[in-house]
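Asker: with the sequence up front, the predicted model follows.
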Amino acid sequence: MKNLRTVLGSLIIAFVFASCSSNENQEPDQQLQPVESKKIENLHAPAEGRGNYTGPFTKFNFSEGKQVEGDNWDIAFRATEIIVNGGEKGFLLEDIDRVHDASMVLVESTFAGITEAPVDSEFRQDAADALAVTKGSGNGWYTYNFSSHLITPTPGRILIVKTHDGHYAKVEILNYYKDEDTSSESKYFTFTYTYNPNKGDKALQ
């Protein structure tokens, strides 16, 4: 009887220990952080020249939600040009090194209609002969009006970004003019974005 009690006691202790260990291992998977949405106003992306731009890029990091100066950028702006921190430089004048593995795709949809990022095979990186998001009026994110000379975001075109450290974000560019006033200075981006802080999780809503 004593041996039976000892065996039963050992089994109970082992079961409790295993249950606790199992719960501890599962908790991180069950604690996903909620996706984050934010509006950025008047991100200045100055440039010299017209069409073929020169000068530094304005680098942006989605996890920090702001302009950055180091190599931890996800996308960068220079006038109407938007580059991603992955691939090769060389297509643009005074281009800069891509030092990480970020990628990007332009999707035709509404911002609310995109609930998750597409499969990774649809994403593109910048190359020496082309950008991930094509330049030019009507080709990428904007349309140029030759009568008014205004640059406006093309409706229904959303950027999906896989960031430099493996997270996903969606971006809708709202305006290209300071304070969203088309009579004001250009090269001031206002955009809204949703960022998923859970690495590798494609949910964007």
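Answerer: Everything's here; your move.

Asker: can you show me the helices along this protein?
Answerer: 2-30 (DSSP state H).

Asker: Tyr142 touches Pro155, doesn't it?
Answerer: No. Contact between Tyr142 and Pro155 fails when scored by Cβ atoms under 8 Å: they sit 10.8 Å apart. Where C-beta positions appear, they are placed from N, C-alpha and C, glycine not excepted.

Asker: overlap in contacts of those two?
Answerer: Counting by Cβ atoms under 8 Å, 6 or more residues apart in numbering, Tyr142 and Pro155 have no shared contacts at all.

Asker: who's more crowded, these two?
Answerer: More neighbours surround Tyr142 than the other of Tyr142 and Pro155, with 19 against 9 (other Cβ atoms under 10 Å).

Asker: and that one, what does it touch?
Answerer: Contacts of Tyr142 (Cβ under 8 Å, 6+ apart): 80, 151-154, 173, 176.

Asker: and stretch 125-132, what's buried?
Answerer: Buried residues in stretch 125-132, counted by 16 or more other Cβ atoms under 10 Å: 125-126, 131-132.

Asker: and those residues, which two are furthest apart?
Answerer: Gln125 and Leu131 (9.2 Å; Cβ to Cβ).

Asker: that older thread, turn the contacts of Tyr142 into TSV, columns for pLDDT.
Answerer: Formatted as TSV, the contacts of Tyr142 follow (pLDDT from 0 to 100):
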residue	pLDDT
Thr80	98
Ile151	98
Thr152	98
Pro153	98
Thr154	98
Ile173	98
Tyr176	98
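
Asker: could you turn the buried ones of the residues you listed into a PyMOL selection?
Answerer: To isolate the buried ones among those in PyMOL, judged by 16+ other Cβ under 10 Å, type:
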select buried, resi 80+151+152+153+173+176
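
Asker: what is the nearest of the contacts of Tyr142 to Thr194?
Answerer: Set against Thr194, the nearest of the contacts of Tyr142 by Cβ to Cβ is Ile173 (13.7 Å).

Asker: so what sits opposite the closest one in the bridge?
Answerer: On the basis of DSSP bridges, Ile173 is bridged to Phe191.

Asker: contact partners for it?
Answerer: Contacts here follow Cβ under 8 Å, 6+ apart; on that basis Ile173 touches 141-142, 153, 159, 189-191.
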